[in-house]
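*Asks:* just the structure for this:
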Amino acid sequence: MAAFAAVVSLKHHISTILTYDVLLPPLSMKTFELAHKELKSFQNFVERLNSKSRKRMNASLGPITEAIRKFEKDLGDKEGIHSLIEMLKKTQLEYYSSLKDEEEVVSKSKMVGLCDVQSKLKEEIVGDWVENNVFSVVGMVGIGKTTLAREIFEDLDTSEWFNCRAWVRVGNELKPEEITDVILAQVDPEAHQMLKGGDEEEMTERLKEILKSRRYLIVLDDVWSYNVHAYLKNAFPDNRNGSRVLLTTRIKYVAQDVSFSSRLIDMRLLDKEESWQLLCDKVFSGNSCPPHLEEAGKKIAEKCDGLPLTILTVANLLSKAEETPAALWFDVAEKKKHQVFIDAYDQISKVLYPSYKKLGDELKLCFLYMGVFPPNFEIPRCKLINLWVAEEVVKPSAEQTLESRAVKCLQYLDFHSLVMVYQKSTRLFPAMLNEKIKTCGLHSCWWNLCQREARKSYFFHVLDSYKDGLEEVIRSQSRLSIHNNVIFALKDVYNSMEEKCAITARSLLCFGPYNQYMVPICFGLKFLQRLDALNIRFYFFPLEVLELVKLRYLTLTCNGKLPPSISKLRDLQYLIVHRHMSIKSSKALSYLPTEIWDMSELNHLDVTGCDLPDLGNTSLPKLSTLSDVSTGSCVVLKRVPNLKKLGIRIELTPNATEPLSCFGNVSHLVKLESLKCVIVNPEYKPEVVPPVALFPRLPFLLHKLSLSGLGYPWSEMSNVASLPFLKVLKLRYNAFQGPMWEVEENGFQKLNFLQMEDIDLVELKGARGSFKRLEILRIKHCYKLKKLCLGDFESVWNIEVVDCNPLVEKNIKETIVQKKDYTLEDLRVHSSWKL
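*Replies:* A predicted model of the protein is given here:
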């Protein structure tokens with residue numbers, strides 16, 4: 001960059017003159033000092049530009065180079081130095097004014113789709129009210145945040161309403177104090193020229209003074225740093241005249257940190273119709289699509305998975321293609337991996353890569369590992385956490401367990417909009433940062449980036465076709481991810497895996513669609529530590545598994561009992577065995593082999609339909625999760641002292657003794673945090689008949705409780721109401737019975753989430769101070785419920801009523817109307833009948 005080098009050289013030259021008191025030409029010392037200041041300012045300005053912006057400016061910097069050469073020939077030329085200074089100022093001003101056009105690929109297009117989001121946001125921004133003067137648009141890269149902000153910014157109503165507007169492309173490099181410089185250059189160029197290069201506080205105060213008397217709209221686009229919070233507080237006055245700050249970011253905690261009361265807009269992906277509309281608009285320049293291309297075009301748009309950046313990139317490639325449109329379009333629509341999409345994802349990866357690069361080493365591994373699952377795969381949170389821990393991609397910490405560490409990593413990836421959240425579990429707060437993920441996955445564009453990065457580092461190898469199994473790149477891979485389980489039946493692929501990965505393979509992950517017929521698995525990979533074959537059905541437990549003595553993680557679907565020799569797998573930490581869906585449970589209890597007590601490393605045990613046998617005083621000290629056990633296991637719970645999560649399944653039989661009598665053993669689990677107890681075939685009794693066994697005293701540390709079919713009277717609920725750490729309570733199918741549930745004063749002090757489903761309750765009456773922290777209420781299929789009173793009703797912000805008595809819906813609506821902080825939008829009602 002010749003001009004930049006010339007600026008630096010001249011600045012040093014003048015600096016030498018000023019420092020060493022060199023005999024000056026007729027030009028005054030003051031003019032030299034001014035020249036030095038402008039050159040330094042221009043140097044700082046150029047250094048802040050990214051490589052793309054520098055390349056774009058190269059053409060406009062030619063005259064500066066020539067002016068510097070001319071000035072250096074004659075330092076006494078007063079007109080020459082003034083001309084140079086004016087040229088430097090003009091170049092910077094032209095750059096700042098061009099910021100409005102310097103956007104991502106997606107922002108260069110007109111807004112198509114998301115009309116609901118755009119109209120609602122515009123209505124809130126262009127309005128007379130003074131609250132919520134900060135609006136944060138959050139979403140993944142390429143989802144259209146900048147385009148949405150641009151549409152609002154350039155809207156005619158917006159330009160008429162706000163007499164002062166500025167647009168700042170913040171990005172990953174612009175420091176908070178430099179934002180002032182860019183804004184001031186747009187709202188008051190003269191003040192900017194006077195103050196630039198001077199004191200930062202003076203410039204901030206000047207900006208604040210200018211904005212005080214105006215109704216302003218400032219857009220801060222693509223903010224990466226949460227430090228912007230302090231900047232917003234100091235630089236922008238709250239003049240309560242309808243001024244607005246609109247911020248876009250891919251990082252959720254940036255939006256959260258800006259202002260707790262700010263308006264958060266969580267961008268969604270385009271639906272099928274919007275995706276097709278955008279593709280059609282881009283390819284045909286606003287004209288309609290020829291009828292013979294419409295069917296293929298809609299399939300192509302759907303394959304973009306709703307991301308505007310992908311749609312626009314694919315549309316651009318389709319527009320430039322030399323092939324006959326019809327032949328090309330049908331080919332792209334039908335082929336699983338067409339070159340158009342391969343090229344599109346290569347281009348998109350360049351936009352996505354900075355977000356990936358910014359991650360720390362541990363987070364990079366966690367993120368890359370999600371690529372072992374098939375594209376658009378809905379990953380259960382617990383499965384992902386278990387695999388991260390078993391694969392040792394999360395680092396141990398003295399402050400937290402590996403599981404807690406893994407949960408934090410997943411939250412971090414979600415905060416940075418790197419994962420797709422398909423289902424959310426119990427949310428304990430309305431803010432996005434407290435959402436609990438139930439299932440998640442990767443968008444196809446991120447999935448493709450993971451594949452590319454994994455290939456570079458040999459992190460994993462995906463096998464989806466015959467060709468994948470024969471490639472030389474499979475040699476020496478440590479992780480094999482199977483996306484098509486049938487390829488095990490192909491002899492060449494089977495032999496290739498066993499030959500090339502016999503020594504190196506540590507993980508064999510079978511994530512293809514579920515196979516109800518058995519296929520052979522490569523049990524010849526003797527050094528396997530992790531085998532996930534839950535999606536492959538075995539008729540009986542495969543004894544070949546017992547030769548894989550280094551296994552730490554094992555999941556299978558099979559019929560039959562586990563063999564006693566399972567204890568050979570002494571390093572096993574995770575044992576998950578499910579049954580084929582057509583297999584029915586027997587009436588008699590089925591027990592795991594007694595040798596299970598020899599597997600002291602077990603951390604997670606989930607064997608459908610099997611219980612822990614009673615065997616003396618042996619224990620499983622590391623077992624923290626025990627799922628799907630019956631009452632037969634309750635008598636041995638004392639010997640799993642560190643259990644944190646327990647799932648009990650009770651099946652009533654005609655001659656059974658009181659099935660809930662063993663429930664009391666749960667109280668011995670002092671570290672238990674989550675308990676689920678379900679009677680799978682409950683007996684409905686019109687009259688409340690108290691069970692023989694009293695409701696047990698539950699563990700002190702319990703956070704989450706889910707009960708179904710127990711039939712206890714509501715009076716027994718007092719034991720639950722007094723739990724000091726209980727946050728989540730789910731009651732299904734007459735877990736408790738009776739027309740009235742009266743909650744004592746100050747009951748359920750920490751409860752955040754309450755769900756009642758299919759219970760015969762008529763009235764819930766909460767005394768003063770009860771449900772003090774309740775935030776989310778779910779009521780489903782409670783046809784008798786008429787009246788609901790939740791204490792002071794202070795903190796509830798989200799209510800969902802599904803197919804309930806209309807009277808309870810009316811009761812809740814009346815309560816909401818009385819609370820000034822609530823609107824009827826906070827209530828979601830779904831009914832199967834019309835009122």
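*Asks:* which residue ranges of the stretch 301-450 of the chain form helices?
*Replies:* Here the stretch 301-450 of the chain has its helices, by DSSP state H, counting those that start in this stretch, at 308-320, 325-334, 339-357, 361-369, 381-390, 402-415, 444-457.
*Asks:* out of these, which comes closest to residue 511?
*Replies:* Comparing these by their distance to residue 511 (CB to CB), the top pick is helix 381-390, with 10.1 Å. The C-beta positions use only the backbone N, C-alpha and C, and glycine is treated the same way.
*Asks:* can you give me the angle the closest one makes with helix 402-415?
*Replies:* Helix 381-390 and helix 402-415 meet at an angle of 120 degrees, taking axes from the mean of the first three to the mean of the last three CA atoms, to 10 degrees as the criterion.
*Asks:* on contacts alone, who are the packing partners of helix 381-390?
*Replies:* Packing contacts for helix 381-390, counted by 3 or more CB pairs under 8 Å, 6 or more residues apart in numbering; DSSP states H and E, involve helix 361-369, helix 402-415, strand 437-441, strand 530-538, strand 553-558.
*Asks:* repeat that with 6 Å
*Replies:* On a contact count with 3 or more CB pairs under 6 Å, 6 or more residues apart in numbering; DSSP states H and E, helix 381-390 meets helix 402-415.
*Asks:* contact partners of the helix it packs on?
*Replies:* Helix 402-415 is touched from outside by 252-253, 363, 366-367, 385, 388-389, 394, 397, 419, with contacts defined as CB atoms under 6 Å, 6 or more residues apart in numbering.
*Asks:* and the residues you listed, which of them are buried?
*Replies:* 252-253, 363, 366-367, 385, 388-389, 394, 419 (16 or more other CB atoms under 10 Å).
*Asks:* and stretch 781-791, which residues are buried?
*Replies:* 782, 785-791.
*Asks:* make CSV out of those and add pLDDT, distance to residue 651 and secondary structure.
*Replies:* Listed next are the buried residues of stretch 781-791 as CSV, based on pLDDT from 0 to 100; distance: CB to CB, whole Å; DSSP: H, G, I helix; E, B strand; the rest coil:
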residue, pLDDT, distance to residue 651, secondary structure
782, 91, 25, coil
785, 90, 29, coil
786, 88, 34, coil
787, 87, 35, strand
788, 85, 33, strand
789, 83, 37, strand
790, 76, 35, coil
791, 68, 37, coil
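*Asks:* and which of those residues is nearest residue 615?
*Replies:* The closest of the buried residues of stretch 781-791, once distances to residue 615 are taken by CB to CB, is residue 782, at 44.0 Å.
*Asks:* please name the nearest non-neighbouring residue to that closest one.
*Replies:* For residue 782, ignoring the flanking residues on the chain, the nearest one in space by CB to CB, 6 or more residues apart in numbering is residue 804 at 5.0 Å.
*Asks:* residues in contact with that neighbour?
*Replies:* Contacts of residue 804 (CB under 6 Å, 6+ apart): 779, 782, 785.
*Asks:* okay, the buried residues of stretch 781-791 in a markdown table with distance to residue 719 next?
*Replies:* Shown next, in a markdown table, are the buried residues of stretch 781-791 (distance: CB to CB, whole Å):
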| residue | distance to residue 719 |
| --- | --- |
| 782 | 22 |
| 785 | 23 |
| 786 | 26 |
| 787 | 24 |
| 788 | 22 |
| 789 | 22 |
| 790 | 20 |
| 791 | 19 |
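*Asks:* which one among these gets closest to residue 670?
*Replies:* Nearest to residue 670 among the buried residues of stretch 781-791, with distances taken as CB to CB, is residue 791, at 29.7 Å.
*Asks:* mind pulling the model confidence for residue 258?
*Replies:* Residue 258 carries a pLDDT value of 61.
*Asks:* let me redo that: residue 651
*Replies:* 79.
*Asks:* that one contacts residue 679, correct?
*Replies:* No. The criterion here is CB atoms under 6 Å, and residue 651 misses it with residue 679 at 7.7 Å.
*Asks:* of the two, who's got more company?
*Replies:* Between residue 651 and residue 679, residue 679 has the larger neighbour count (other CB atoms under 10 Å), namely 21 against 17.
*Asks:* can you tell me how far that one is from residue 647?
*Replies:* Shown here: residue 679 relative to residue 647, a distance of 13 Å by CB to CB, to the nearest Å.
*Asks:* that older thread, out of the helices of the stretch 301-450 of the chain, deepest packed?
*Replies:* Counting by mean count of other CB atoms under 10 Å, helix 308-320 has the highest mean neighbour count of these, with a mean of 22.
*Asks:* which elements pack onto it?
*Replies:* Judged by 3+ CB pairs under 6 Å, 6+ apart, the packing partners of helix 308-320 are helix 272-283, helix 339-357.
*Asks:* doesn't the residue nearest to residue 782 lie inside a strand?
*Replies:* No. Counting by DSSP: H, G, I helix; E, B strand; the rest coil, one finds residue 804 to be coil, located in no strand.
*Asks:* quick check: pLDDT value at it.
*Replies:* Value listed for residue 804 in the pLDDT field: 87.
*Asks:* what are the phi and psi values at it?
*Replies:* phi -120, psi 180 (degrees, to the nearest 10).
*Asks:* turn the helices and strands packed on helix 308-320 into a markdown table, including mean pLDDT and distance to residue 154.
*Replies:* Shown next, in a markdown table, are these (pLDDT from 0 to 100; distance: least, CB to CB, whole Å):
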| stretch | mean pLDDT | distance to residue 154 |
| --- | --- | --- |
| helix 272-283 | 93 | 18 |
| helix 339-357 | 94 | 23 |
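*Asks:* now these in a markdown table, with distance to residue 194?
*Replies:* Shown next, in a markdown table, are the helices and strands packed on helix 308-320 (distance: least, CB to CB, whole Å):
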| stretch | distance to residue 194 |
| --- | --- |
| helix 272-283 | 44 |
| helix 339-357 | 35 |
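*Asks:* out of those, which gets nearest to residue 91?
*Replies:* Nearest of the helices and strands packed on helix 308-320 (CB to CB): helix 339-357, 26.7 Å.
*Asks:* CA atoms of that closest one as PDB?
*Replies:* Provided in PDB are the C-alpha atoms of helix 339-357 (Å, rounded to 0.1, in the frame of the first residue of the first chain):
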ATOM      1  CA  GLN A 339     -21.200 -28.600  -6.900                       C
ATOM      2  CA  VAL A 340     -23.400 -25.500  -6.600                       C
ATOM      3  CA  PHE A 341     -23.900 -26.100  -2.900                       C
ATOM      4  CA  ILE A 342     -20.300 -27.200  -2.400                       C
ATOM      5  CA  ASP A 343     -19.100 -23.900  -3.900                       C
ATOM      6  CA  ALA A 344     -21.700 -21.900  -1.900                       C
ATOM      7  CA  TYR A 345     -20.600 -23.400   1.400                       C
ATOM      8  CA  ASP A 346     -16.900 -22.700   0.500                       C
ATOM      9  CA  GLN A 347     -17.800 -19.100   0.000                       C
ATOM     10  CA  ILE A 348     -20.000 -18.900   3.100                       C
ATOM     11  CA  SER A 349     -17.200 -20.500   5.200                       C
ATOM     12  CA  LYS A 350     -15.100 -17.400   4.700                       C
ATOM     13  CA  VAL A 351     -17.800 -15.300   6.400                       C
ATOM     14  CA  LEU A 352     -18.300 -17.800   9.200                       C
ATOM     15  CA  TYR A 353     -14.700 -18.500  10.000                       C
ATOM     16  CA  PRO A 354     -14.000 -15.400  12.100                       C
ATOM     17  CA  SER A 355     -16.600 -16.600  14.600                       C
ATOM     18  CA  TYR A 356     -15.100 -20.000  14.800                       C
ATOM     19  CA  LYS A 357     -11.500 -18.700  15.000                       C
END
